[in-house]
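Asker: Got a predicted structure plus its sequence, pasted below:
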Amino acid sequence: MRSPSHRSSRPPATAWPLGAGSKALHHPEAMTRFQKLTLATALVTYLVVVMGAITRSTGSGMGCGYEWPLCHGVLPPLGDGPAWIEWFHRLLALTIGFLITAVLVVAVLRHRDRPVVVGSAVVGFILVLIQAQLGQITVVTGNASQWVVAHLATAMLVLAVLTFIAIRVQSPGRFGAGGASQRFTLLSGAAALAVYALLLLGSNVTATGAALIYPDWPLFRGAVLPAFSATPSVAVLQQAQFIHRLAAALVGLLVLASAWVAWRPYRGGGWGPLATRPALLRLTGLALLLFLAEIVVGALQIWTTLTPWAVALHVALGAAIWALLVAASARSYCEARTSVAVPVPGVSAPVVADRGDPA
């Protein structure tokens with residue numbers, strides 16, 4: 001017979017009572033039109049990132065020269081593939097401008113009781129303006145590496161802001177004092193920031209032409225550790241590739257740790273019942289699976305000598321992992337702030353219940 005203090009491998013059903021105050025936070029079907037608008041804007045932002053990768057990997061970055069919405073004074077001819085790719089990329093970017101404006105207007109008119117949501121919408125709008133300017137600079141400078149990296153960095157921030165808004169709007173307008181532990185929030189947030197840094201390192205590797213400086217993977221010209229060239233210009237490229245691979249291994253450990261901590265409570269351990277929320281486990285678990293796929297695609301980039309589909313897929317997976325971990329961190333934060341520790345019969349330690357729900 002189990003003792004009363006035995007910890008079940010899964011949290012008891014009574015540990016997660018759902019009341020009226022938490023219905024929106026825990027039921028995706030309660031999604032509002034504003035959330036749908038925000039997620040649609042995030043999706044278009046994601047598509048712009050992917051199209052940007054396709055544009056660069058196919059050499060279409062200057063397909064329309066310095067003009068838009070026309071290409072060389074006319075719409076791109078059907079036979080001009082690079083021009084159409086670049087034209088469609090710019091069209092999607094323009095669409096984001098209209099969508100983020102709509103997000104800002106609705107946030108101000110309908111969600112003034114949520115200052116964080118309104119403030120985030122303002123930040124997102126400003127970032128899109130900066131993104132547009134960076135896009136112009138990138139074209140004018142002929143896709144100079146530093147501007148390509150800055151362009152991607154800003155796009156990732158826009159994606160993160162929109163993801164945060166979509167999750168934050170599910171929670172109460174203002175949080176009360178206290179709440180549950182934020183350790184899982186910090187862990188998943190650290191993993192997200194690490195992925196963001198890795199994305200920028202990878203963008204720099206591609207933009208500077210360092211992607212094939214070592215033509216093999218996972219070795220460095222047959223060696224476990226690279227031998228850097230005595231020529232400074234070559235050594236810089238070699239170091240960039242080495243740092244990217246090393247960082248990928250370290251970031252992978254953080255992503256693994258986030259998924260592990262979210263999964264452990266199902267085995268009777270972990271950092272408290274908050275991490276057993278199915279949404280957090282799904283988000284971090286999917287991020288881990290995509291990261292494993294990202295490793296394979298990263299190798300395929302080198303093995304196929306930067307085939308466009310491999311380059312574009314590598315960026316697409318990286319952006320998806322970033323968004324998933326941002327979502328996990330944001331959701332963990334909101335759930336912790338709207339939760340309190342309450343005793344549950346049969347569990348030795350207090351578990352987390354939604355603030356205001358029946359214990």
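Answerer: That came through fine. Numbering: from 1, shown residues only.

Asker: And residue 199, how far from residue 106?
Answerer: With distances taken as C-beta to C-beta, to the nearest Å, residue 199 is found 29 Å from residue 106. C-beta: built from backbone N, CA, C; applies to glycine.

Asker: Looking at the two, which one has more neighbours?
Answerer: Between residue 199 and residue 106, residue 199 has the larger neighbour count (other C-beta atoms under 10 Å), namely 23 against 17.

Asker: where exactly do the strands run in this structure?
Answerer: For the chain, the strands defined by DSSP state E occupy 339-342, 351-354.

Asker: mean pLDDT for those strands: which is lowest?
Answerer: For the strands of the chain, mean pLDDT drops lowest on strand 351-354, to a mean of 47.

Asker: how does the chain divide into domains?
Answerer: 31-174, 176-341+350-354 (automatic domain parsing).

Asker: Around the residue nearest to residue 146 when sequence neighbours are not counted, how many other residues sit close by?
Answerer: Once flanking residues are discounted, residue 146 sits nearest to residue 207: 8.0 Å by C-beta to C-beta, 6 or more residues apart in numbering. Using other C-beta under 10 Å, residue 207 has 21 other residues around it.

Asker: pLDDT at residue 207, what is it?
Answerer: Looking at residue 207, its pLDDT reads 91.

Asker: same deal with residue 33?
Answerer: pLDDT for residue 33: 89.

Asker: next one: residue 217
Answerer: 93.

Asker: Is it in contact with residue 299, as I believe?
Answerer: Yes: using C-beta atoms under 8 Å, residue 217 is in contact with residue 299, at 4.6 Å.

Asker: Now residue 111: closest residue in space, sequence neighbours ignored.
Answerer: Nearest non-adjacent residue to residue 111, counting by C-beta to C-beta, 6+ apart: residue 117, 4.7 Å away.

Asker: OK, contacts around that neighbour?
Answerer: The contact partners of residue 117, by C-beta atoms under 8 Å, 6 or more residues apart in numbering, come to 107, 111, 165, 168, 169.

Asker: what's the spacing between residue 333 and residue 256?
Answerer: 21 Å.

Asker: between those two, which one's more packed in?
Answerer: Taking other C-beta under 10 Å, residue 333 and residue 256 do not tie; residue 333 has more neighbours (22 against 16).

Asker: hang on, isn't the more buried one packed against residue 183?
Answerer: No: the criterion here is C-beta under 8 Å, and residue 333 misses it with residue 183 at 11.2 Å.

Asker: For residue 160, give me its contacts.
Answerer: Taking C-beta under 8 Å, 6+ apart, one finds 192, 196, 322, 323, 326 in contact with residue 160.

Asker: Tell me how many other residues crowd residue 92.
Answerer: Neighbour count of residue 92, defined by other C-beta under 10 Å: 17.

Asker: try residue 227
Answerer: For residue 227, the neighbour count with other C-beta under 10 Å is 10.

Asker: Okay, now the unreliable bits of the stretch 251-359 of the chain?
Answerer: Flagging of the stretch 251-359 of the chain using pLDDT under 70 yields the residue ranges 266-277, 339-359.

Asker: Please, where are all the helices along it?
Answerer: Under the criterion DSSP state H, counting those that start in this stretch, helices of the stretch 251-359 of the chain are mapped to 278-303, 308-337.

Asker: about what we covered before: could you check how far the residue nearest to residue 146 is from residue 61?
Answerer: Taking C-beta to C-beta, one finds residue 207 at 10 Å from residue 61.

Asker: who touches both of those two?
Answerer: Shared contacts of residue 207 and residue 61, defined by C-beta under 8 Å, 6+ apart, comprise residue 143.

Asker: check contacts around residue 210.
Answerer: Contacts for residue 210 (C-beta under 8 Å, 6+ apart) come out as 204, 236, 237, 238, 240, 241.

Asker: my guess is the third one contacts residue 212, does it?
Answerer: By that I understand residue 237. No: counting by C-beta under 8 Å, residue 237 sits too far from residue 212 to count as a contact (9.5 Å).

Asker: Which one's more surrounded, the two?
Answerer: For residue 237 versus residue 212, neighbours defined as other C-beta under 10 Å are more numerous around residue 237 (20 against 15).

Asker: any idea how far residue 110 is from that one?
Answerer: On the measure of C-beta to C-beta, residue 237 and residue 110 end up 50 Å apart.

Asker: cool, residue 265 as well?
Answerer: Using C-beta to C-beta, residue 265 is found at 36 Å from residue 110.

Asker: swap in residue 312?
Answerer: Distance of residue 312 to residue 110, given as C-beta to C-beta: 37 Å.

Asker: When the two are compared, which one has more neighbours?
Answerer: More neighbours surround residue 312 than the other of residue 312 and residue 110, with 21 against 15 (other C-beta under 10 Å).

Asker: show me the contacts for that one.
Answerer: Residue 312 touches 50, 53, 54, 57, counting by C-beta under 8 Å, 6+ apart.

Asker: now residue 165
Answerer: 38, 103, 107, 117, 120, 121, 124.

Asker: Report the contact partners of the nearest residue to residue 285 once chain neighbours are set aside.
Answerer: Nearest non-adjacent residue to residue 285, counting by C-beta to C-beta, 6+ apart: residue 259, 5.2 Å away. The contact partners of residue 259, by C-beta under 8 Å, 6+ apart, come to 281, 284, 285, 287, 288.

Asker: if you set the cut-off to 7 Å instead, what comes out?
Answerer: Residues near residue 259 by C-beta atoms under 7 Å, 6 or more residues apart in numbering: 284, 285, 287, 288.
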